[in-house]
Structure formats: C-alpha cells, structure tokens
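Can you look at this prediction? I've put the sequence above it.
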Amino acid sequence: MRQIHEFPKAYSKNAQIPIEDFSESAKRAAREGRASSTLRLAKVIVIGDAGVGKTSLVMRYTQDVFDLDYKATIGVDFEVEKFDILGIPFTLQMWDTAGSERFQAIAASYYRGAAAVVICFDYSKIQTLQTVRKWLDNAISENPTQKFCLFLVGTKADLVSASVAREIEVEATKIANSMNAEYWSVSSKQNQNVAEMFARIGSVCFDKVLSKEDGISTPKKTTMNIGPKKILIDEDFNRRTKESNCPCQT
Ligand SMILES: Nc1nc2c(ncn2[C@@H]2O[C@H](COP(=O)(O)OP(=O)(O)OP(=O)(O)O)[C@@H](O)[C@H]2O)c(=O)[nH]1
C-alpha cells in the first residue's frame, strides 16, 4: 500500500496539469473519514508505439523489476496498485496495452473508461514522439464523452546524453502543452521518476474521483437558470475548473 500525504509535485512547471494541492472535496472527505469501505478506483491506460517501454514502466512500478528482453504485449495486461491517500484507500488499475499494429483492435477496446491516459514515447527513437497525437486521437475516440487526464511520458531517458535529452524535452514540452498534457521523463531501467510519476497520476485521479463524488453527494446550494431548467452547481469544482484548462477538470 503506497501512502500519500501531500500532493506530489509535477516533473516540470513548463508542462503540468495545473493542480498543486488536493481539492477541498478531497480534504473534506479525509477530515470526515468518509466510508473507507467504499471502493474508490480509477483506470489508467498506458499507450504508445510498440517497444517504447510501456510494460517496463508498469512492471518497474508495480513489481520493482526490469527486464532487458523485449516481449511484445499481446492485447493488454493488467496490474493493480493500492494507495492510501490522505487516509482514504484508493485503487489504481493500470492497463498496459499493446503498441503493435497487429493487436491494436483488441487493445483499443480496453481504452474505455480511462480516468488517466499515459502516452509514452522513446527518447532513443525520436520518431515515436511524432505519433503521440495519433495515440491521443485513439484514446479520445474510445472515450468520446469522458474527459481524462493526460500524461506525455518520455521513456528510456538513460539511453541519451544529457544534451540530447534537453533538446528532446524542449520539443516534447511544446507537444505536451498543445495537448494539455503533463510531461514526464523517466527511465524504468534506472528507476528514475517512475514512482514519482505514478504517485502524481494516482493523486490526480483520486482528486478527480473525490471531486466527482462530492459534486454528486453534497453539491453546494447554488442554482443557475438555464432556459426553463434550474441546475445545481458544485462551487468548489466549478472554481477549480475555471482556474485551470486541464482537460480532466472540465
Ligand atoms: N535502456 C532502457 N531500456 C528500456 C527501458 N524501458 C524499456 N526498455 C527496453 O525496451 C524494450 C521494450 O520494452 P517494453 O516495456 O516491452 O515495451 P512496450 O512498449 O511494452 O512494447 P509493446 O508491448 O510491444 O507495445 C525492452 O527490451 C526493454 O528492456 C529503459 O528505461 N531503459
């Protein structure tokens, strides 16, 4: 069980989901010690070209192993990670999907219902950065009505020099910003930034789940006239939404 007491920091201020702290909804739920028997979970899908290191990333985080041999994922694999965030149990389902064209049709059917999408590219194969938009389009087409939090992740950072890494990061940061994604650079081999990144993903998803729950169970008493209809607004969620252009918050 991974403990999180403070909102984990983003990798770079230049391309981050604009959330610095847990929402009032999440803090209130923690204060009230709200029903820990409730199963709170979120689905994360890890996508990107074949061989970019998706399986290695998930396995490094969940099992703390790294294998230099490449075995292509067939369809999807599935791992579960349990968190204790602000004293509230939270489960992250991690779906490691196949990048290979051959298994695309099977893998894509598992994209549905993702709270977070992690698009990986390989620092040592820069052409894999050029396909990230295609992967985003695939994720959107399987989640046409649901907004997800987006992470753009450069893998295998250990395989390039510091100066090459800097150049790639400038380009990847631009792309991340254009997609409203948060950017991370990781190495599964060297176990660099892997736990930090998943802690951040888990916290963002947790906050999203708690905000949603709060919006449904205890909406603040504001009403708004839209034509003949009156709707209730969750002020806290609404304020945070206005403050950010984060796709997962709209
Ligand atoms: N040097 C280095 N090699 C890595 C790293 N991450 C993954 N690899 C290697 O890259 C190859 C492919 O890794 P996988 O994790 O299987 O890639 P994948 O994206 O899951 O591939 P598909 O399942 O085909 O989509 C393997 O040989 C890994 O050992 C890393 O951080 N550094």
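Ah, there it is.

Return the residues of this protein in contact with the ligand.
Of all the residues in the chain, those in contact range of the ligand (Cβ under 6 Å from any ligand atom) are 50-56, 67-70, 72-73, 98-100, 155-156, 158-159, 187-189. Where you see a C-beta, it was placed from the backbone N, CA and C, and this is true even at glycine.

Of the residues you listed, which belong to helices?
Members of the residues of the chain next to the ligand lying in helices (criterion: DSSP state H): 54-56.

Serialize the residues you listed to a markdown table and add fields for pLDDT and neighbour count.
As requested, those are arranged in a markdown table below (pLDDT from 0 to 100; neighbours: other Cβ atoms under 10 Å):
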| residue | pLDDT | neighbour count |
| --- | --- | --- |
| Lys54 | 97 | 28 |
| Thr55 | 97 | 22 |
| Ser56 | 98 | 24 |
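
Save these as a markdown table, and put in distance to Gly87 too.
Listed next are those as a markdown table, based on distance: Cβ to Cβ, whole Å:
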| residue | distance to Gly87 |
| --- | --- |
| Lys54 | 32 |
| Thr55 | 32 |
| Ser56 | 32 |
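
Please verify my assumption that Leu150 contacts Glu182.
Yes - in this structure, Leu150 is within contact of Glu182 by Cβ atoms under 8 Å, at 7.1 Å.

Quick check: buried residues in stretch 42-56?
Buried residues in stretch 42-56, counted by 16 or more other Cβ atoms under 10 Å: 42-56.

just stretch 169-187 next, same as before
Across stretch 169-187, burial judged by 16+ other Cβ under 10 Å covers 169, 172-173, 175-176, 179-187.

Check stretch 99-110 too.
99, 103, 107-108, 110.

closest to the ligand among these?
Closest approach to the ligand among the buried residues of stretch 99-110 (Cβ to the nearest ligand atom): Gly99, at 3.0 Å.

List the residues that contact the closest one.
47-52, 54, 72-73 (Cβ atoms under 8 Å, 6 or more residues apart in numbering).

And for Arg34?
Applying Cβ under 8 Å, 6+ apart to Arg34 gives the contacts Ile88.

ok, now how distant is it from Gln192?
The gap separating Arg34 from Gln192 is 36 Å, by Cβ to Cβ, to the nearest Å.

which stretches of this protein have low pLDDT?
Across the chain, the ranges flagged by pLDDT under 70 are 35-37, 216-250.

longest helix anywhere in this protein?
helix 194-217.

What residues of that helix count as buried?
Within helix 194-217, judged by 16+ other Cβ under 10 Å, the buried ones are 194, 197-211, 213-215.

Next: stretch 113-128.
By neighbour count with 16+ other Cβ under 10 Å, stretch 113-128 contains the buried residues 114-124, 126, 128.

Kindly reformat those as TSV and extend each row with secondary structure.
Listed next are these as TSV, based on DSSP: H, G, I helix; E, B strand; the rest coil:
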residue	secondary structure
Ala114	coil
Ala115	coil
Ala116	strand
Val117	strand
Val118	strand
Ile119	strand
Cys120	strand
Phe121	strand
Asp122	strand
Tyr123	coil
Ser124	coil
Ile126	helix
Thr128	helix
